[in-house]
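Peer 1: any chance you could fold what I've pasted below:
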Amino acid sequence: MPSNQEDQNSLDLQQYSLILKRRWLVIAAVTASIFGLSALIAIRQKPIYEAEGKLLFSKTDRVSSLTNPSAQVGELNGVTQLSSPLDTEAEIIRSNPIVRKTIISLSLTDKKGTPLKIDEFLKKLKVKSIRGTDILAISYSSSDPKEAAVVVNSVMKYYLANNISVNQAQARAAKRFLSNQLPEVEVRVVRAEAALRKFKEENKIVALDQEATTGVERLNDLSNQITQAQSNLVDAKTRSQLLQRQLKLNSLQAVDMGNLSQSKAVQEVLTEYQKVESELGVAQTRYTNQHPTITDLTAKAAALKKQLAMRVSENAGSEKSVPTQNLQMGELKQTLTAQLVQSDVERSALANRIKVLQDAYTIFQKRLGVLPKLQEKQQQLERQLQVARGTYEELLKRSQQVDVVVNQNVGNAQVVSMALLPDKAANKITLYLALGGFLGILLGVGIALTLEAMDRSLKTIEQAQQLFDYPLLGTIPDLDQKFKGGEAESLLELPMKDNSYSAVNSAFEMLQTNLDFTVFDKPLKVIAVVSSTPGEGRSFVASNLAVAKAHMGRKVLLVDADMRHSCQQEIWKLSNLVGLSNILVGEAEFPRTTQEVMINLDVLTVGTIPPNPAALLDSQQMSLLIQEAIQNYDCVIIDTPALSLFGDALILSKMVDGILLVVRPGVLDLAVATTAKTMLKQARSAVLGMVVNGVTADSGYIYYSQKGYYDKNSSDAYDGKLRNGKGEVKLPNIHIS
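Peer 2: Numbers count the residues shown, from 1 in each chain. A predicted model of the protein is given here:
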């Protein structure tokens, strides 16, 4: 696909180049006219002087962002990415107020003495930015050099004054705005501070972040303490249960037993009681129960027992009886009892500690659950306060800056160089000439293309091939064309006969060779040479084609069947008293009517012009004549009238082996060509192909004569030894195209 596109582009360029070659005279005439007119205008122009001044721009204008806290101070930027600050300032310089002030102050007038119009002034004023800098160059053209300099300086002066005025006006407007905004913003700051303070007081907030951190640490600590206390409680319970099983006492009993065993009053009575019991036991072994000793000891034991019970009741705080063996414990049992009591006390303390820790954990957990909401609310209030304070501080800062700008007469531009009196006029002759030459070439090419578009004739071989879609059998060069080497070709009608070394000779040799390959199933003996319109060189092609075939040793008959406008007798300088028409009406015999013009070539002229040529050509006699000619000649070539004028060629197309269509670029009209193709198609004529006549270098072909070829290469190719019996060089028929 890219290759096809490149070929198409190459063809388009070739077409345009051929058009320019064909219309070079028109292009040259138009270019010369416009160029001459431009030169005349340039010469008659008065000398023009141009003065130039320069302004430097800085980014700081001290006003552009005074009312916009988010923007940078003094930044001179465009509104969009495509806009340019320098271009904007250039348009301000060219604005009507500044231009009008300049015109009025300097009393500028036109040639008629009336005040200069703004449009006329702007035509002379140029404002452009110097590339890569922040400088604008301002220039003014005038026939008076002093006026040019004064105008530039005045424009810069009025622009600077306008710039300062605009900046001050913006500053005053900013001052009024800021003065109105500061009190309102201050009230918002006070309200934000009060709201934040009230929130902290209501929720007992000192530092939420620190409190949250401390609370989390405290919760972890409480959780660890609760876990440890619960573990200790389990240990205490286990130890208490083991001691109770060993002592067979509960903790209360252990406490009571411990108290009794430590009570001196109880132990004294218990000791006395045990002593009496011991004596009673000894006495009972000696005496009977009625013995006074036994009775006394029994009564004494009962009294002591009662007293012991009273002492136990007093110390234990209980009326329950306590076994005597429990009132007196050994050292180990006392130790175990003490451990039991201690374990029970420890268990009770751990249970209380766990409850206290769990209550504290719940309180801290609830507080931490509320902290995110409190923190969110606090951040919101702090953010409002921060925004209000930031806005207030920024507005206060801007207000102070505005106070400075209001009192300053400074803009964002300054004069780099004043316009000086120009001492040399601007030379625009070269510009006028260049512009005239460019416009002349452009207009000339445009006119040439327009004329080409209006010209409906075929111009190139490619157009002929696309239109007719017939095989291209040959191309015949224009006899008037100058060929390479500066050698002019013969202008004779029979170059094949009179100039054996011409490029036309080579072309016709190629044509007759190609014709031999057009029909393969039968010999090609009868050929009708036709054209779409007169002037395409049909008779010229027919006569020279006949000569070319005769040169090949074939016996050829050339028949002039154009009874409307015969040409062959003029080409061959023959008599036309008797010819084709006389044979067809029976006034002459065919063998005696033909005229020999050269070896192997006879010509049958048209003869007497009849009143009804078509009837004669469409007769049985014409068909018989062709059959007789085929028997006596190797090839019969018939010259016919143009297809666009008469139907004679279509009549003869039924009697011949094939038709050779002659096409000449520049002569054949597209509409006529289309009509001719349609006629041939409807008549079902056997078109062998077409030959393009009158081809020039503009059509894309360059021809070289045989003579020039052999003069240059004969010594190399043939060593100069190809000579005939007379000592003359014998040149073979070689075609070079």
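Peer 1: the closest residue to Pro613 other than its chain neighbours and Gln512, how far apart?
Peer 2: Ranked by C-beta to C-beta, 6 or more residues apart in numbering and with sequence neighbours excluded, the top spatial neighbour of Pro613 is Met563, at 3.6 Å. Bear in mind the C-beta positions are built from the backbone N, C-alpha and C, glycine included. Applying C-beta to C-beta, to the nearest Å, the value for Met563 to Gln512 is 26 Å.
Peer 1: ranges for the strands of the chain?
Peer 2: With strands called from DSSP state E, the chain shows them at 49-57, 125-129, 135-142, 413-417, 472-477, 526-531, 556-560, 595-598, 601-604, 635-639, 658-663, 687-695.
Peer 1: now the last one: average pLDDT?
Peer 2: Along strand 687-695, the predicted local confidence has a mean pLDDT of 90.
Peer 1: also the second one?
Peer 2: Averaged across strand 125-129, the pLDDT comes to 90.
Peer 1: keeping just the C-alphas, turn it into PDB.
Peer 2: C-alpha atoms of strand 125-129 as PDB (Å, rounded to 0.1, in the frame of the first residue of the first chain):
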ATOM      1  CA  LEU A 125       2.100  51.000  14.000                       C
ATOM      2  CA  LYS A 126       3.700  47.700  14.700                       C
ATOM      3  CA  VAL A 127       4.000  46.000  18.100                       C
ATOM      4  CA  LYS A 128       5.900  42.800  18.300                       C
ATOM      5  CA  SER A 129       7.600  40.800  21.000                       C
END
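Peer 1: so which bits of that strand are buried?
Peer 2: Neighbour counts over strand 125-129 (16 or more other C-beta atoms under 10 Å) mark Leu125, Lys126, Val127, Ser129 as buried.
Peer 1: tell me how many other residues surround Gly647.
Peer 2: Gly647 has 15 neighbours, counted by other C-beta atoms under 10 Å.
Peer 1: residue contacts, it?
Peer 2: Residues counted as contacts of Gly647 (C-beta atoms under 8 Å, 6 or more residues apart in numbering) are Ala614.
Peer 1: make JSON lines from the strands of the chain and add distance to Gln384 to it.
Peer 2: Converted to JSON lines, the strands of the chain look like this (distance: least, C-beta to C-beta, whole Å):
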{"stretch": "strand 49-57", "distance to Gln384": "41"}
{"stretch": "strand 125-129", "distance to Gln384": "47"}
{"stretch": "strand 135-142", "distance to Gln384": "47"}
{"stretch": "strand 413-417", "distance to Gln384": "43"}
{"stretch": "strand 472-477", "distance to Gln384": "92"}
{"stretch": "strand 526-531", "distance to Gln384": "100"}
{"stretch": "strand 556-560", "distance to Gln384": "114"}
{"stretch": "strand 595-598", "distance to Gln384": "119"}
{"stretch": "strand 601-604", "distance to Gln384": "117"}
{"stretch": "strand 635-639", "distance to Gln384": "109"}
{"stretch": "strand 658-663", "distance to Gln384": "94"}
{"stretch": "strand 687-695", "distance to Gln384": "93"}
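Peer 1: and of those, who's closest to Glu382?
Peer 2: Proximity to Glu382 (C-beta to C-beta) singles out strand 49-57 among these, at 43.7 Å.
Peer 1: contacts for the closest one?
Peer 2: Strand 49-57 has contacts (C-beta under 8 Å, 6+ apart) with 76, 85-86, 89, 130, 134-145, 148-149, 151-153, 155-156, 159-160, 412-422, 424-426.
Peer 1: pull the number of nearby residues for His565.
Peer 2: 13.
Peer 1: sorry, back to before: quick check: pLDDT value at the residue nearest to Pro613.
Peer 2: The score at Met563 is 89. That number is its pLDDT.
Peer 1: and it, what does it touch?
Peer 2: With contacts defined as C-beta under 8 Å, 6+ apart, Met563 is in contact with Leu580, Ser581, Val606, Ile609, Pro610, Pro613, Leu616, Leu617, Pro641, Asp648.
Peer 1: what do you get if the cut-off is 10 Å, keeping everything else the same?
Peer 2: Residues counted as contacts of Met563 (C-beta atoms under 10 Å, 6 or more residues apart in numbering) are 579-581, 584, 606-614, 616-617, 640-641, 646, 648.
Peer 1: repeat for Leu86
Peer 2: Residues counted as contacts of Leu86 (C-beta under 10 Å, 6+ apart) are Leu55, Phe57, Leu76, Gly78, Val127, Lys128, Ser129, Ile130, Thr133, Asp134, Ile135, Leu136.
Peer 1: quick one: Gly607 and Leu574 touch, right?
Peer 2: No: here Gly607 does not reach Leu574: they are 11.1 Å apart, not a contact under C-beta atoms under 10 Å.
Peer 1: all helices of the stretch 351-500 of the chain, in order?
Peer 2: Applying DSSP state H, counting those that start in this stretch to the stretch 351-500 of the chain gives helices spanning 429-454, 461-468, 495-498.
Peer 1: before we move on, back to that, out of the strands of the chain, which is closest to Phe540?
Peer 2: strand 687-695 (7.1 Å).
Peer 1: quick check: neighbours of the closest one in the sheet, parallel or antiparallel?
Peer 2: strand 472-477 (parallel), strand 658-663 (parallel) (DSSP bridges).
Peer 1: give me the low-pLDDT residue ranges for the stretch 1-150 of the chain?
Peer 2: Residues of the stretch 1-150 of the chain that meet the criterion pLDDT under 70 lie in 1-16, 18-23, 42-46, 59-82.
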